[in-house]
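K.L.:
here are the coordinates; sequence isn't available:
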């Protein structure tokens, strides 16, 4: 019995991407050049990375539909992605790119078949694990973005922005406390 298929995968990716977009919107554009430490990506570069990183999975699964990673030119592909991440984009451009690519990816994920997600992809000799299902590999899109969104939320704190998920939790707690106080006073 499957509880998590293509529709759920697409919806979960949409949720993650929408939260990333909210973070991008909350950070003032004059803080996009902020860098936590030398050698780290700036906020803008991290957002660009989140936008461009899924292109690897899309190349493997949507364009080439590979069942083996043997012979895939990772260095060349990653060099192109890293160059794209270093291009300068305004806040509005980055948000538009995140929204457009997020809708594209989520829509594609939602339309996949269970059979496609269950296909096995093998890795070059010596890699562990030696195989993964497409589902496991594509779930990594969401996991990777959540990893970087965690970084972005820490960067928000460093530039003086309270992350939206924290604000929402604080509002829920305040509402529960107000409700409890009104019941206690009644």
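P.N.:
Perfect, thanks for sending it. Small disclaimer: the values here were computed from a predicted structure and weren't measured.
K.L.:
Can you give me every residue that contacts residue 95?
P.N.:
21, 24-25 (Cβ atoms under 8 Å, 6 or more residues apart in numbering). Yep, even glycine has a C-beta here, placed from its N, CA and C like the rest.
K.L.:
among those, who's most crowded?
P.N.:
Counting neighbours by other Cβ atoms under 10 Å, the top entry in the contacts of residue 95 is residue 24, with 25 neighbours.
K.L.:
I'd say it and residue 97 touch.
P.N.:
No: taking contacts as Cβ atoms under 8 Å, residue 24 lies outside contact range of residue 97: 9.9 Å.
K.L.:
Can you pull out the low-pLDDT segments for the protein?
P.N.:
1-2 (pLDDT under 70).
K.L.:
list the buried ones in the longest helix seen in it?
P.N.:
If you go by DSSP state H, the chain has its longest helix at helix 134-158. Neighbour-count burial for helix 134-158 flags 134-135, 137-142, 144-145, 148-149, 151-153, 155-156 (criterion: 16 or more other Cβ atoms under 10 Å).
K.L.:
Return the distance of residue 57 relative to residue 138.
P.N.:
6 Å (Cβ to Cβ, to the nearest Å).
K.L.:
Likewise for residue 43?
P.N.:
On the measure of Cβ to Cβ, residue 43 and residue 138 end up 27 Å apart.
K.L.:
Tell me which other helices or strands the longest helix of the chain touches.
P.N.:
On a contact count with 3 or more Cβ pairs under 8 Å, 6 or more residues apart in numbering; DSSP states H and E, helix 134-158 meets helix 6-26, helix 43-52, helix 54-57, helix 114-118.
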